[in-house]
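> here is the input, now give the coordinates:
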Amino acid sequence: MMKEEFLQIINANRGLIFKVCNLYCYEQEDKKDLFQEILLQMWKSYSGFRGDSALSTWVYRVAINTAVTYIKKNRRTVRQSDEIIHLDIPDLLDSEDEEEKTSMLHDAINQLDAIEKSIILLYLEDKSYHEISEITGFSKTNVGVKLNRIKTKLSNIIK
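Numbers count the residues shown, from 1 in each chain. Down below sits the predicted model:
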């Protein structure tokens, strides 16, 4: 792969990679380290990208898998992105204050495990079950089941 082509892929998907880093890391240094690790894994695995899915789907998959491995390997605590501000769970949050709702949701998401955070991140990015399935490797049915369980878990945490 040509250096310019790889740089174009990075630039086109920089925001997506940053979101994954923000979701999984507290400290700025950890975010930078994870970002570099994601780029390294993208470089190593790009030759295996067959084009069966969208390039952004492949980037998500590499980024999330790298983040989950990074967290397990480094035993770092994880956090949610400040960009995640709402979740479509009716009557989940009783507060009228948007900032308070956001804070409550962030606290709840922070209590999820790494895989659950990956799935909810993709859901909040308005990815379809099919796209989430391609990225995570779970079947569409399993994605639906997991999302329902995550929503229930978040609801219970918030209550």
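> for the worst-scoring helix or strand of the chain on mean pLDDT, packing partners?
Least confident helix or strand, the chain: helix 98-110 with a mean of 77, by mean pLDDT, DSSP states H and E. Under the contact criterion of 3 or more CB pairs under 8 Å, 6 or more residues apart in numbering; DSSP states H and E, helix 98-110 touches helix 140-158. (Each C-beta comes from the backbone N, C-alpha and C, glycine too.)
> what distance separates the helix it packs on from the middle of the whole chain?
The chain centre lies 15 Å from the centre of helix 140-158; the measure is CA atoms, centre = their mean, to the nearest Å.
> name the residues that touch that helix?
Residues from elsewhere that reach helix 140-158 (CB atoms under 8 Å, 6 or more residues apart in numbering): 87, 89, 92-93, 104-105, 107-109, 111-112, 115-116, 119-120, 123, 129-130, 132-133, 136, 138.
> circling back: I'd like the next helix or strand past the least confident helix or strand of the chain.
Following helix 98-110 in sequence order, the next helix or strand is helix 114-124 (DSSP states H and E).
> any idea which helix or strand comes after that next one?
Toward the C-terminus, helix 114-124 is succeeded by helix 129-136 as the next helix or strand (DSSP H and E).
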